[in-house]
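Trainee: fold the following for me, if possible:
(one chain, ligands or ions: 2)
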Amino acid sequence: MDTHDHAPTPATIKPAAPAPVPANGAHANGNGNGHSIVEVKLKALYYGSFKAVRDTDLAIKRNAITAFIGPSGCGKSTVLRSINRMNDLVRGFRFDGHIHFRGRDIYDTKIDPVAVRRHIGMVFQQPNPFAMSIYRNVTFGLRLNGYKGNIQDKVEQALRGSALWDEVKEKLHQSGLALSGGQQQRLCIARAIATEPEVLLMDEPCSALDPVATRKIEELMLELKKRFTIITVTHNLQQAKRVADMTGFLYVDTTQGARTGYLVEYGPTEGIFNDPKEKHTKDYIQGAFS
Ligand SMILES: Nc1ncnc2c1ncn2[C@@H]1O[C@H](COP(=O)(O)OP(=O)(O)OP(=O)(O)O)[C@@H](O)[C@H]1O
Ligand SMILES: [Mg+2]
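Mentor: Numbers count the residues shown, from 1 in each chain. Ligands and ions are numbered 1, 2, ... in the order given. Purely as a prediction, here's the structure:
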């Protein structure tokens, strides 16, 4: 079993070679079937000496929305952040297992974590536009990547893609911070998709938004899954039912004083909600809806 010990990344790490895509889109190795793009196999994950997550294995379907649900502290964000190496930034983070993206181990020492994040983008819980214009927010990643194409077209494309263009096209040079919360979140989505990642991670992207803005983001997610693979975390089970093709239920059993989360059940959303196999899943879903 590999053990990945992640102090902040040494500057000597070589840039990643492009991830090879097997001709049929299947994993070069691992258990993923022809439709999976990310394979998560976490035997144990630690922050320092604290074991935060254990036994969490799942294959993420391409061009689908996968939702992680479960009680607070069960490790949803931790698992999500490990998929684009965001946890590398946390001192003491390490895990036993592997995460493959298109059949390649993203924690391989030859892989640059910044390159991983270009392929696997992220949208956070609190909308976090940079303190700069709407336009520059969208071009930020493109400039970082040294994009040489038509940048104005790219901005329009990303803002249309995030269903924000019509609301901001007259004020592209105003501050991104002057937008409403829902608009700010769509701006963050535009910023994330401008560089055309293949996977978008969204950690409770609607929890700071009102119901109308939430529905707008949900509709957008359904549109975006045609072009991207989305992995999201939500506390809102109705939201998981509305948008997710696949759902993973994580749980943390605190009765014995332990606080290690794990994946209890994973499968098509309808099955998880209407015919859960595990008692913990049943209890959680019944509790939430009763
Ligand atoms: N940076 C960190 N350093 C140390 N422990 C952490 C860190 N981040 C999370 N943890 C711990 O790991 C466990 C899982 O946390 P995580 O944030 O992944 O849970 P979550 O399911 O996303 O919870 P919530 O629904 O409240 O967002 C918790 O016990 C938490 O305290
Ligand atoms: Mg969380």
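Trainee: residues in the protein within reach of ligand 1, list them.
Mentor: Taking CB under 6 Å from any ligand atom as the contact definition, the chain meets ligand 1 at 47, 50, 52, 72-78, 90, 259, 261. Quick note: C-beta positions are derived from backbone N, CA and C, even for glycine.
Trainee: now residue 287: how far from ligand 1?
Mentor: Residue 287 sits at a distance of 15 Å from ligand 1 (criterion: CB to the nearest ligand atom, to the nearest Å).
Trainee: check residue 117 too.
Mentor: 18 Å.
Trainee: and if you look at residue 156?
Mentor: 34 Å.
Trainee: hmm, that residue is touching residue 165, no?
Mentor: Yes - contact criterion CB atoms under 8 Å: residue 156 and residue 165 qualify, at 6.3 Å.
Trainee: for the stretch 101-250 of the chain, just list every one of the helices.
Mentor: 113-119, 134-144, 151-161, 165-168, 181-194, 211-224, 237-243 (DSSP state H, counting those that start in this stretch).
Trainee: buried set for the second one?
Mentor: Within helix 134-144, the residues that qualify as buried by neighbour count (16 or more other CB atoms under 10 Å) are 134-142.
Trainee: does anything pack onto that helix? Which helices or strands?
Mentor: Where contact means 3 or more CB pairs under 8 Å, 6 or more residues apart in numbering; DSSP states H and E, helix 134-144 is packed against helix 151-161, helix 181-194.
Trainee: mean pLDDT and distance to residue 65 added to those helices, as TSV?
Mentor: Formatted as TSV, the helices and strands packed on helix 134-144 follow (pLDDT from 0 to 100; distance: least, CB to CB, whole Å):
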stretch	mean pLDDT	distance to residue 65
helix 151-161	96	16
helix 181-194	96	14
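Trainee: wait, which of the ones you listed is closest to residue 201?
Mentor: helix 181-194 (8.9 Å; CB to CB).
Trainee: partners of residue 46 in the sheet?
Mentor: residue 51, residue 94 (DSSP bridges).
Trainee: what's the neighbour count on it?
Mentor: Residues near residue 46, counting by other CB atoms under 10 Å, number 18.
Trainee: give me the distance between the spatially most central residue of the chain and residue 123.
Mentor: In the chain, the C-alpha nearest the mean C-alpha coordinate belongs to residue 201, at 1.5 Å (CA atoms, centre = their mean). Residue 201 sits 7 Å away from residue 123, taking CB to CB, to the nearest Å as the criterion.
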